[in-house]
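> take this sequence and fold it.
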Amino acid sequence: MVRLRVQNPNDTPVEYNGVYVKLKVLDKTFATGVSDERGSIPRYGESVISVPVTVSMLRMAVYALMIVDGKPIDKVNYKMDGKLSGPVFGSSNFQAKGEFKLPTATSM
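Model (predicted):
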């Protein structure tokens, strides 16, 4: 489950009817998800939207092999793309990206 905190910096509410997310880790698709949730994000407000995601066992195995193949990985980059579908024809695309450091044996 991915929980999205969506902020609306506009003077009018944002209506949505469906959500899609795709999460990439180390530049490879890791998880995807959709939800038929509908609602409204108030003007100058925020809402939390939950989207169930699917991660295949094959993808998890590939990532595990990448980590144990002998090459040290100290940082993991991620990118999430998504879309809030509008009630008629409009939709709002969003993107978030960043990286986090993995703990090392000396930092534990």
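> next, the buried residues of stretch 2-10.
Residues 2, 4, 6, 8 are the ones in stretch 2-10 that count as buried (16 or more other Cβ atoms under 10 Å). Yep, even glycine has a C-beta here, placed from its N, CA and C like the rest.
> could you point out which element follows the helix or strand of the chain with the lowest mean pLDDT?
Across the helices and strands of the chain, mean confidence by mean pLDDT, DSSP states H and E is lowest for helix 57-68: a mean of 69. Following helix 57-68 in sequence order, the next helix or strand is strand 75-85 (DSSP states H and E).
> now do the buried residues in stretch 11-23.
14, 16, 19-23.
> just the ones of those residues in strands?
Judged by DSSP state E, those include 14, 16, 19-23 as members of strands.
> return the member of the residues you listed nearest to V34.
Taking Cβ to Cβ as the measure, V34 lies nearest Y20 of those, at 5.1 Å.
> and the least confident of the ones in strands among the buried residues of stretch 11-23?
Checking pLDDT across these, the minimum falls on V14 at 88.
> thought S92 was touching that one, still the case?
Yes - if you go by Cβ atoms under 8 Å, V14 and S92 touch, sitting 6.7 Å apart.
> for the residue nearest the centre of the chain, list each beta-bridge partner.
Taking Cα atoms, centre = their mean, the centroid of the chain lies closest to M80, which sits 4.1 Å from it. Note on M80: beta-bridge partners by DSSP bridges are L23, A96.
> and the buried residues of stretch 2-10 as a markdown table, adding pLDDT?
Output for those, formatted as a markdown table (pLDDT from 0 to 100):
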| residue | pLDDT |
| --- | --- |
| V2 | 90 |
| L4 | 92 |
| V6 | 90 |
| N8 | 92 |
